[in-house]
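**Q** how would this look folded up:
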Amino acid sequence: MKLLILDRDGVINHDSDAYIKTLDEWLPIDSSIAAIARLSRAGWTVAVATNQSGLARGYYDLATLDSMHARLRELVAEQGGEVGLIVHCPHGPNDGCDCRKPKPGMLQQIATHYGVSLSGVWFVGDSRSDLDAALAVDCQPVLVRTGKGERTLSMPLPAGTLVFDDLAAIAAQLIH
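**A** Residues are numbered from 1 along each chain as shown. Sure, this is the predicted structure:
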């Protein structure tokens, strides 16, 4: 199985320090939907692991989050692709869960769901917590410059981190 795991905010859609609280605020990054569809059509399973502490903070509810993910699936399907498993952490930063990145819980959920080892699987994110989560399960950390990526690039990165401009550049690299 060719598995690619993506963070959501800042990788697939535009991020906001004020949180993405409504379906109208969920705006795909140019070319990200096409990149996911292209990967899917080329035989890749594209899963998503996303921290969503806005749920714990009361900024939006699960139905709103589900509508964002339904929109993502719909947009990718319109281009002939599909999105695999989407997992989210609903907890706040101080809730002590094992799923909030940089903890590896969501990535482990994806591995269990698909029955695969994550060793060497690319996990694409835009923040240090994404990269650290990747390292915790032996994934290949991959940073995109979109979202908080440029800010993350200004700090030391884990050894071996791959850096790409955006999801489209990753799709171009993975599809030969």
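
**Q** longest helix in this protein, by residue count?
**A** Scanning the chain for the longest helix, with DSSP state H as the assignment, gives helix 62-78.

**Q** State the pLDDT value of residue 176.
**A** Note on residue 176: pLDDT of 77.

**Q** returning to what we had before: which residues are contacting the longest helix of the chain?
**A** Residues from elsewhere that reach helix 62-78, judged by Cβ atoms under 8 Å, 6 or more residues apart in numbering: 12-13, 20-23, 26, 28, 33, 36-37, 40, 48, 52, 55, 82-83, 86, 88, 90. Any C-beta I mention is one placed from the backbone N, CA and C, and that applies to glycine too.

**Q** Just the ones of these in helices?
**A** Within the contacts of helix 62-78, membership in helices is found for 33, 36, 37, 40, as judged by DSSP H.

**Q** quick one: residue 47 from residue 168, how far?
**A** The spacing between residue 47 and residue 168, counted by Cβ to Cβ, to the nearest Å, is 18 Å.

**Q** Neighbour count: those two, which is higher?
**A** Per other Cβ atoms under 10 Å, whichever of residue 47 and residue 168 has more neighbours is residue 47, with 23 against 20.

**Q** Just grab the bridge partners of the more buried one for me.
**A** Listed beta-bridge partners, residue 47: residue 5 (assigned using DSSP bridges).

**Q** How much space separates it from residue 124?
**A** Summarising the geometry, the distance separating residue 47 from residue 124, computed by Cβ to Cβ, is 11 Å.

**Q** tell me, what's touching the two both at once?
**A** Looking at what touches both residue 47 and residue 124 (by Cβ under 8 Å, 6+ apart), the common residues are 4, 5, 6.

**Q** what sits against the first one?
**A** The reference is to residue 4. Taking Cβ under 8 Å, 6+ apart as the criterion, residue 4 is in contact with 39, 44, 45, 46, 47, 121, 122, 124, 170, 174.

**Q** And for the last one?
**A** When contacts are counted by Cβ under 8 Å, 6+ apart, residue 6 is found next to 12, 36, 46, 47, 48, 49, 123, 124, 125, 167.

**Q** Buried only: go through the contacts of residue 4 for me.
**A** Applying a neighbour-count criterion of 16 or more other Cβ atoms under 10 Å, the buried members of the contacts of residue 4 are 39, 44, 45, 46, 47, 121, 122, 124, 170.

**Q** just checking, the fourth one touches residue 110?
**A** No: counting by Cβ atoms under 8 Å, residue 46 stays clear of residue 110, with 10.8 Å between them.
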